[in-house]
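Q: Quick one: sequence plus predicted model below, questions after.
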Amino acid sequence: MNDDDTENYLEERKLLIEARQQSYQQFDKAILTLSSGGLGVSIIFLRDILPFEQITDYSFLIASWVLFALSITCTLISFLASQYAYDEQLELINIYFLNKDSDALTKKNRFAQITGGLNIFAAIFFILAVIGTIMFVSINIT
């Protein structure tokens, strides 16, 4: 690979990494917003639309609230974990470039893995919370 190819590769790689980071940030914000909104809407629904006397089963509602809260919690923790992931990646880059240690290239960033796992759990909890809310409404509105 000549110098121009290397430069083009590095520039394209940089753009793709930045795009991926923006995508993760948008995902986190979306999950946080939707989970908070879902929690708020279910509370408003309970207060303003469905009278307490009509409610026959609260189990799905409580489950959905817990799942919304778990989704929000996972997202907030993933914000912190991603900061640690950036710090760890900077350290690995320093080790590689400053110490000329090529082993740094193969080390896994554990905080990046944690962040990814938290994002997956946040999405799963959010989906289950929406399903729980739908089940609560469908059981109690009839």
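A: Ah, there it is. Numbering: from 1, shown residues only.
Q: Give me the three-state assignment for the most centrally placed residue in the chain.
A: Closest to where the C-alpha atoms of the chain average out (Cα atoms, centre = their mean) is Asn119, at 3.0 Å. Here Asn119 is recorded as helix under DSSP: H, G, I helix; E, B strand; the rest coil.
Q: I'd say it and Ser23 touch.
A: No - taking contacts as Cβ atoms under 8 Å, Asn119 lies outside contact range of Ser23: 10.7 Å. Glycine gets a C-beta too; all of them are placed from N, C-alpha and C.
Q: With adjacent residues omitted, what lies nearest to Ser82?
A: Nearest non-adjacent residue to Ser82, counting by Cβ to Cβ, 6 or more residues apart in numbering: Thr115, 4.7 Å away.
Q: element containing that neighbour, please.
A: Per DSSP states H and E, Thr115 falls inside helix 110-141.
Q: mind checking how far that helix is from the chain centre?
A: Put simply, helix 110-141 sits 10 Å off its chain's centre (Cα atoms, centre = their mean, to the nearest Å).
Q: same thing with stretch 133-142?
A: 27 Å.
Q: Show the pLDDT at the residue nearest to the centre of the chain.
A: Asn119 is assigned 95 on the pLDDT scale.
Q: what about it, distance to Phe45?
A: Remark: distance between Asn119 and Phe45 (Cβ to Cβ, to the nearest Å) = 28 Å.
Q: ok, which stretches of this protein are helices?
A: 3-44, 59-99, 110-141 (DSSP state H).
Q: okay if I get those as JSON lines plus distance to Glu53?
A: Putting the helices of the chain into JSON lines (distance: least, Cβ to Cβ, whole Å) gives the following:
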{"stretch": "helix 3-44", "distance to Glu53": "18"}
{"stretch": "helix 59-99", "distance to Glu53": "15"}
{"stretch": "helix 110-141", "distance to Glu53": "11"}
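Q: quick one, which of these is nearest to Leu50?
A: helix 110-141 (6.0 Å; Cβ to Cβ).
Q: tell me what that closest one is packed against?
A: Packing partners of helix 110-141 (3 or more Cβ pairs under 8 Å, 6 or more residues apart in numbering; DSSP states H and E): helix 3-44, helix 59-99.
Q: That's all I had, so thanks and see you.
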